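Undergrad: Just a sequence and a predicted model for now, questions to come.
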Amino acid sequence: MEQIILNLIPKGLPPICHASQYDKGRAIRLVIMDGLQGYYFTDETVELEVRKPDNNVVTAAVDVIQGNSYVDIVTTEQMTACEGDNLCELVIYKGDVRVGSLNFKMRIEEDPLKDGIESETEIHNLTTQIQDINNEIVPDMVAEEVENQYDSQNVIFDDHPTEGHGRGYAVTSEGVKNALDGKPDNLSDLGDVNISSPTSNQALVYNPTTQKWENGEVSTVGSIDDLDDVDTTGKAEGDSLRYNGAEWVAQPTTVKLTLAEYNALTEKAPNTRYIITNAPALEYTAGDLSYDGGTTTTKQKIDEKADKATSLGGYGITDAYTKTEINNTLANYLTNAIYKSTAWGSFAGLVTNNSTWLFVAQRLSTNNTYVCVLNRYNNNYSIKDIVKDSSMSIVTNDQGTVTFNYGGSPTGVHVMALKIAQS
């Protein structure tokens, strides 16, 4: 007898046992270890499952001798029907609890004569046996039970069944009548139905508390207005329901179309707003606009304004500056500007009485500078120098003329004047 050792704590590759193809009745001892010590059976059961190289499966119960640390398996025809490595799993149960499993390989050496059985799943054979048992034994059991409950007036038995079939029986008309006696005649006779004072149009509604079907009213909706979250007040042809955050209300339908799709419509839906998703910018050419808008079309309105385009007043604009008003304002600003400049060093009549000015003078060719603040109060001048080269000087007169000199001459002196204050 071949013997291999299996461990509930797996280590390395699974062990291998050997058999020849079509061997039947070959015994193999499987020694069970739990780590470094033997696993001794007390009240466990063991099952073996073998998956062959062609994926057919064989299952078998394994006899267990309690108190030992090994089990013996015996090969069947189907276990060795296919050459190659069979993947085997030995499963140990204690009651319904799976204690553990052990894996090993059963290596089947090929039979050169190939005169054995065809490989198949052995569970399928078991199913066939169960079906045979059902065909042969179960009908006899049923017939016997019927015979115990009914006399010959109700049931006639066939004591000579055909091969493969159990004992047959037939029910007489009297037996049918007797069998139907006591069966429910009304819906309310059913055990899971509770009907109390039914009225017209009621329906059976399941009550999960009593776990019974009970008669009761079923709510119906006569129209969409009966729904609590719908308001169709003021509805018109072509409207659709739109949610406003609280309820569904009737509103004009909005349809998004391309310009080509809109132009292809043969009929426009009533009370519908069309949004053109790719409309080009509107350009007006006299005579090509013709939109209906009451008694006067948009085209007519545009034409009425188009012949008065030479003035703002022609468009009815009354709160805009005229050309003359704008010219006078600009002229006044230029005449009384607070900023002045000159390239010749002098401003004639610039400084009026009770005014303050900031001057910046620069002799470009020599880079000499004069910066000062000039104040004229009661026709008296006061000058506060900020930056002053010794070669630069300032001269004023009663007419308000201010001159900046370099070496006694204003030639080549650039000056900027900024009015700071005027009282």
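TA: Done, it's in.
Undergrad: from here on, contacts and neighbour counts on C-alpha atoms
TA: Fine.
Undergrad: which non-adjacent residue is nearest Ala27?
TA: Leaving aside its sequence neighbours, Ala27 sits nearest to Val74 (C-alpha to C-alpha, 6 or more residues apart in numbering; 4.5 Å).
Undergrad: if I pick the one you found, what's in contact with it?
TA: Going by C-alpha atoms under 8 Å, 6 or more residues apart in numbering, Val74 touches 24-28.
Undergrad: For those, pick the one with the most neighbours.
TA: Counting neighbours by other C-alpha atoms under 10 Å, Ile28 leads the contacts of Val74 with 18 neighbours.
Undergrad: So that one: helix, strand or coil?
TA: Applying DSSP: H, G, I helix; E, B strand; the rest coil to Ile28 yields a three-state assignment of strand.
Undergrad: Relative to Glu247, how far out is it?
TA: Ile28 sits 79 Å away from Glu247, going by C-alpha to C-alpha, to the nearest Å.
Undergrad: I'd like to know how many residues surround Cys372.
TA: By other C-alpha under 10 Å, the residues close to Cys372 number 17.
Undergrad: Equivalent analysis for Thr42, please.
TA: 13.
Undergrad: Likewise for Gly408?
TA: Residues near Gly408, counting by other C-alpha under 10 Å: 12.
Undergrad: can you check Val360 too?
TA: Neighbours of Val360 (other C-alpha under 10 Å): 18.
Undergrad: what bridges to it?
TA: With DSSP bridges as the criterion, the beta-bridge partners of Val360 are Val371, Met416.
Undergrad: Test my guess that it contacts Val413.
TA: No - assessed by C-alpha atoms under 8 Å, Val360 is found out of contact with Val413, at 10.2 Å.
Undergrad: Quick check, Tyr381 in contact with Val373.
TA: No - assessed by C-alpha under 8 Å, Tyr381 is found out of contact with Val373, at 10.5 Å.
Undergrad: Name the residues that touch the top strand by length along the chain?
TA: Longest strand in the chain by number of residues (criterion: DSSP state E): strand 97-109. Contact with strand 97-109 is made by 6-8, 10, 14-21, 80, 82-93, as judged by C-alpha under 8 Å, 6+ apart.
Undergrad: Narrow those to those in strands?
TA: Checking those against DSSP E, those in strands are 6-7, 16-20, 84-93.
Undergrad: related to what we said a few turns ago, chain center to the longest strand of the chain, what's the gap?
TA: Distance of strand 97-109 from its chain centroid, counting by C-alpha atoms, centre = their mean, to the nearest Å, is 47 Å.
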